[in-house]
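S.K.: kindly return the folded structure for what I paste below:
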Amino acid sequence: MMVTRRDVRRWGVFVVYLVGMLLLIGACALPPQYQPEMHPLYPALLQLQHERQPFVMSSPISESPALQAYLKFYGLEFAHVQHRWGVVTSGSYELMTHVFLPSHPVGTVFLLHGYLDHTGILRNLIDACLEDHRAVVVYDLPGHGLSSGERASIASFDEYTRSFDDVLRVCQPTLPAPYALISHSTGGAIALSYLAKHPNQRFERMIFLAPLVRYKHWYLSKLGYGLGTPIGIKTVPRRQPRELAAPEFLTLIKTDPLQTARVPLQWVRAVFDWNRAVQTLPPIASPALIIQGKQDDVVAWEYNIRFLQTKLPYADICWIDEAGHQLTNSVPSIRAEVFDTISAYLAASD
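M.R.: Residues are numbered from 1 along each chain as shown. Next up, the predicted model:
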């Protein structure tokens with residue numbers, strides 16, 4: 001059988017398409033190989049959907065058996081810490097929001113988690129902030145965790161930015177200054193957009209952990225998106241990056257009932273749109289700290305850091321040679337380095 005140049009080109013396009021779709025998402029963690037509804041925690045998570053009430057700082061909601069099961073599973077039970085929880089409304093979304101209050105807090109830290117993560121994934125970071133006697137505000141992004149919205153999808157990153165603004169509006173007036181902001185991965189993209197759009201909103205300290213500007217295989221994923229959407233592909237499986245994280249974290253990710261197995265291409269379109277818009281954002285004249293691992297297999301960190309140095313010209317860069325993407329869920333030695341760096345940076349604002 002004679003193989004023509006046209007055949008070669010067709011096969012080449014097909015191979016590129018397959019590779020592009022497989023590598024479409026770089027901002028993901030390990031894909032869960034299970035059915036969430038079979039997880040022992042699943043009934044409690046369903047019950048929490050029915051128990052959700054508006055977040056009111058001055059009126060704590062009692063902790064039901066379902067909430068206690070959730071807090072225990074994700075390690076969010078902290079001794080001598082008051083816990084407030086409830087939903088903050090943001091447009092059509094109901095955002096599950098938590099505030100953790102230690103005795104005599106010296107300030108407040110707002111946390112923004114990454115794509116496909118949720119409050120429980122930030123357990124170690126929450127604990128580190130509480131150990132430093134700082135109140136913590138954290139919420140599940142739209143479509144994540146216990147918040148409402150299509151799973152892992154968003155029409156525009158502007159909706160993420162509005163969600164953060166609404167949580168700030170509800171929580172900030174009742175919590176002690178100084179205020180700090182710590183964001184991870186996609187949370188960093190949200191923080192960057194928010195700070196550019198709200199220049200009068202001052203955080204004494206801003207920390208970006210493995211921030212997303214572009215993920216790995218960026219251009220190949222754009223090719224895959226362009227080839228996949230015309231033929232009706234709506235979602236793709238989560239990519240499995242090489243993650244340098246603590247074994248207990250990798251075990252959690254594989255069985256976490258709040259994880260999502262597939263990535264909607266609507267979210268991919270939204271991150272492309274955001275990346276185009278962020279190119280023209282003005283520089284932010286505020287101090288910041290960026291912590292980046294050189295073994296990160298999720299974000300395109302070399303490009304990202306160069307780009308962020310133009311948008312955050314006063315940022316300090318902390319490189320960690322052996323760290324991956326999940327900095328706060330790394331092995332203990334790397335995790336300690338990350339938290340020591342965060343603690344020292346926050347202490348400078350006290």
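
S.K.: does the most centrally placed residue in the chain count as helix, strand or coil?
M.R.: In the chain, the residue lying closest to the centroid (C-alpha atoms, centre = their mean) is residue 114, at 1.1 Å. The three-state label given to residue 114 by DSSP: H, G, I helix; E, B strand; the rest coil is coil.

S.K.: so how far is residue 226 from it?
M.R.: According to C-beta to C-beta, to the nearest Å, residue 114 and residue 226 sit 25 Å apart. All C-beta atoms are positioned from the backbone trio N, CA, C, and that covers glycine.

S.K.: ok, residue 141 next?
M.R.: According to C-beta to C-beta, residue 141 stands 26 Å off from residue 226.

S.K.: now residue 322
M.R.: In terms of C-beta to C-beta, residue 322 sits 36 Å off from residue 226.

S.K.: hang on, the earlier thing: didn't the residue nearest to the centre of the chain look like it was pressed against residue 182?
M.R.: No - in this structure residue 114 lies outside contact range of residue 182 using C-beta atoms under 8 Å: 11.6 Å.

S.K.: neighbour count winner among residue 141 and residue 226?
M.R.: It is residue 141, of residue 141 and residue 226, that has more neighbours when counted by other C-beta atoms under 10 Å, with 28 against 11.

S.K.: residue contacts, the closest residue in space to residue 285 that isn't next to it in sequence?
M.R.: Sequence neighbours aside, residue 314 is the residue nearest to residue 285 in space, at 6.6 Å (criterion: C-beta to C-beta, 6 or more residues apart in numbering). Listed by C-beta atoms under 8 Å, 6 or more residues apart in numbering, the contact set of residue 314 reads 285-288.

S.K.: out of these, who's nearest residue 230?
M.R.: Nearest to residue 230, judged by C-beta to C-beta, of those is residue 288 at 40.2 Å.

S.K.: correct me if wrong: the closest one contacts residue 209.
M.R.: No - at 11.5 Å, residue 288 does not count as touching residue 209 under the criterion of C-beta under 8 Å.

S.K.: more neighbours, the two?
M.R.: residue 209 (27 against 24).

S.K.: quick one: low-confidence parts of the stretch 251-350 of the chain?
M.R.: Where the stretch 251-350 of the chain drops to pLDDT under 70, the residues are 350.

S.K.: ok, now the chain?
M.R.: Along the chain, segments meeting pLDDT under 70 span 1-34, 240-242, 350.

S.K.: before we move on, back to that, from residue 262, how far off is the residue nearest to residue 285?
M.R.: Distance, residue 314 to residue 262, using C-beta to C-beta: 39 Å.

S.K.: same check, this time on residue 87
M.R.: 25 Å.

S.K.: the more surrounded of those two?
M.R.: residue 87 (20 against 14).
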